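Asks: Structure for the following, please:
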Amino acid sequence: QVQLVESGGGLVQAGASLRLSCAASGRTFSDYAMAWFRQPPGKEREFVAGITWGVSNKYYADSVKGRFTISRDNAKNTVYLQMNSLKPEDTANYYCAATATNYIGTYPESGMGYWGKGTLVTVSS
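Replies: Residues are numbered from 1 along each chain as shown. Next up, the predicted model:
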């Protein structure tokens, strides 16, 4: 089992930055690819960013490319999502997820084995 706990969400104005953190415990963190997903109000959950285990290849949704950066610190068992130039449309519950598979490109929800409970990000205009 892998336990994931997100933090760092909050209410910010458009153009601001936030950094989300996801602390993992349970199994060997470095053996898992990690991803962030989000679910805007009234919409389906969607992939935001992913980072592989090993060489830490990174993948992003087109909607966040150039504004968001995913990173991981294996020594701290933590994955981060740095979000810059936030827009109102970034408002969502953000979820951290883990998988033993190194996907290329968009990470499928169905392929993620473990999920956190989410942290809410609200961006006001």
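
Asks: Show me where the chain has its helices.
Replies: Shown for the chain, no helices are assigned by DSSP state H.

Asks: Quick check, central residue of it?
Replies: Computing the C-alpha centroid of the chain and ranking residues by C-alpha atoms, centre = their mean puts W36 first, at 2.1 Å.

Asks: ok, that residue - contacts?
Replies: Listed by C-beta atoms under 8 Å, 6 or more residues apart in numbering, the contact set of W36 reads L20, C22, V48, A49, G50, I70, V79, L81, Y94, Y95, C96, A97. In this view, the C-beta of every residue, glycine as well, is placed from N, C-alpha and C.

Asks: quick one: pLDDT of the second one?
Replies: Reading off the confidence values, C22 has pLDDT 98.

Asks: Report whether the expected contact of R67 with N84 is present.
Replies: Yes. Under the criterion of C-beta atoms under 8 Å, R67 makes contact with N84 at 5.2 Å.

Asks: How about the residue located most distally from the centre of the chain: what's its closest non-neighbour residue?
Replies: When each C-alpha in the chain is compared with the mean C-alpha position (C-alpha atoms, centre = their mean), S125 comes out farthest, at 22.7 Å. Of all residues not flanking S125 in the chain, P88 sits nearest, at 4.7 Å (C-beta to C-beta, 6 or more residues apart in numbering).

Asks: distance of the one you found from T28?
Replies: 39 Å (C-beta to C-beta, to the nearest Å).

Asks: Kindly report the same for G9.
Replies: For G9 relative to T28 (C-beta to C-beta), the value is 27 Å.
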